[in-house]
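In: please find the sequence and the predicted model below.
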Amino acid sequence: MILYQLFIFCFFLAISTFAQENYTETISGIDYKLQMQLIQKGDFTMGSPKFEKGHFGDEGPQHKVEINGFWISKFEITWDLYNLFVTRELDANQKPKTNESEVQQDVDAVSGATTPYVEMSFGMGIDNYPAICMTQLAAVKFCEWLSAMTGHFYRLPTEAEWEYACRAGTDTAYSFGDDPSELSEYAWYKENSQDKYQKVGTKKANPWGLYDMHGNVAEWTLDQYIPTEYAKRVGGETNPLALGEKVYPKAVRGGSWMDNPNRLRSAARRPSSKKWKKRDPQIPKSKWWHTDAPFVGFRIVRPLETPPEEEQKKYWKYELTD
């Protein structure tokens, strides 16, 4: 009896351990592998000190944050996958739902981005290049679509999750240290990008195996951008999220191929803006595309603990006002 109980214990321990490893997500009908990197739960100091070169007031005060474990995409989401969300040509390949599925959403119920009136890569490249110019709403709906397609719950990272993953255990200005002269080994930015984004994963990864957390394209988060948000957290927080109800501004992280080193720091924050639709000729302007933001993209997360179905909806279906 004791041996049997020991066997059962070891069996479920092995399943639990296996479940908490890096994995690759696939979609039937396309030879595309979405690599997801495990980020263990932990805590870190969010924000930057006043003495850090390039520090802005919205990066303070520094505060302790505890983060639950999650998976995050190893690379920024590329056009190869994002265009499937736009065209919806593989929706019929949705994985059948079972009792084990984290998400019971049907793909037909997910709103989709409209096809843009211009080619949104602006000739910079498609295959293995980061998708750009989508609104935060479009990135949110992509996550809902991918969740319905795969049965796994995906969403955008919170600002706190993003910075935790970017820092990867460091407390320096960048995940590799404080010296911006080393940036060209890890990032595409204004000085070395040749005025365009580059293929994902062509620079060095951070200590936790994530690529392009600094530069290439800036990345959407779930949070409303609130410049004084950190002042509310002086006592520390667990999994903070300022979801908000406004379309603008939302918090964008990481800096891009167009930016100076200062914007690529781990703590650097940037607000989205209505000006990112300045050249959109449509009336009303598209809620899916930013014609003037060829620098913004995103990556996705999947929490280790899947929220209940009703809670999932708050990450996908919240209403926004101008």
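Out: On my side now, so go ahead.
In: residue ranges of the strands in the protein, please?
Out: Per DSSP state E, the chain carries strands over the ranges 23-26, 33-39, 42-46, 63-67, 70-73, 218-224, 237-238, 250-253, 269-271, 296-297, 301-303.
In: export the fifth one as CSV, just CAs?
Out: What follows is the C-alpha trace of strand 70-73 in CSV, where atoms were taken according to Å, rounded to 0.1, in the frame of the first residue of the first chain:
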residue,chain,number,x,y,z
PHE,A,70,3.5,32.6,-16.0
TRP,A,71,4.7,31.7,-19.5
ILE,A,72,5.7,34.4,-21.8
SER,A,73,6.4,34.2,-25.6
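In: among the strands of the chain, which is nearest residue 118?
Out: strand 296-297 (16.3 Å; Cβ to Cβ). Where you see a C-beta, it was placed from the backbone N, CA and C, and this is true even at glycine.
In: now do the closest one, average pLDDT.
Out: Mean pLDDT, computed over strand 296-297, is 99.
In: poorly predicted segments of the stretch 1-150 of the chain, please.
Out: Filtered on pLDDT under 70, the stretch 1-150 of the chain yields the residue ranges 1-19.
In: swap in 90 and give it another go.
Out: Along the stretch 1-150 of the chain, segments meeting pLDDT under 90 span 1-20, 27-31, 93, 95-101, 104-105, 112, 114-118.
In: rewinding a little: save the strands of the chain as TSV, and put in distance to residue 196 too.
Out: Converted to TSV, the strands of the chain look like this (distance: least, Cβ to Cβ, whole Å):
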stretch	distance to residue 196
strand 23-26	28
strand 33-39	24
strand 42-46	32
strand 63-67	33
strand 70-73	22
strand 218-224	15
strand 237-238	38
strand 250-253	19
strand 269-271	20
strand 296-297	13
strand 301-303	27
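In: got these as a markdown table, with mean neighbour count and distance to residue 138 columns?
Out: Output for the strands of the chain, formatted as a markdown table (neighbours: other Cβ atoms under 10 Å; distance: least, Cβ to Cβ, whole Å):
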| stretch | mean neighbour count | distance to residue 138 |
| --- | --- | --- |
| strand 23-26 | 14 | 20 |
| strand 33-39 | 18 | 18 |
| strand 42-46 | 17 | 27 |
| strand 63-67 | 19 | 26 |
| strand 70-73 | 22 | 16 |
| strand 218-224 | 26 | 9 |
| strand 237-238 | 14 | 28 |
| strand 250-253 | 27 | 12 |
| strand 269-271 | 20 | 18 |
| strand 296-297 | 27 | 11 |
| strand 301-303 | 21 | 17 |
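In: quick one, which of these is nearest to residue 124?
Out: Across those, residue 124 has its closest neighbour in strand 296-297 (11.7 Å, Cβ to Cβ).
In: if you drop the residues flanking it in sequence, what lies closest to residue 76?
Out: residue 130 (4.2 Å; Cβ to Cβ, 6 or more residues apart in numbering).
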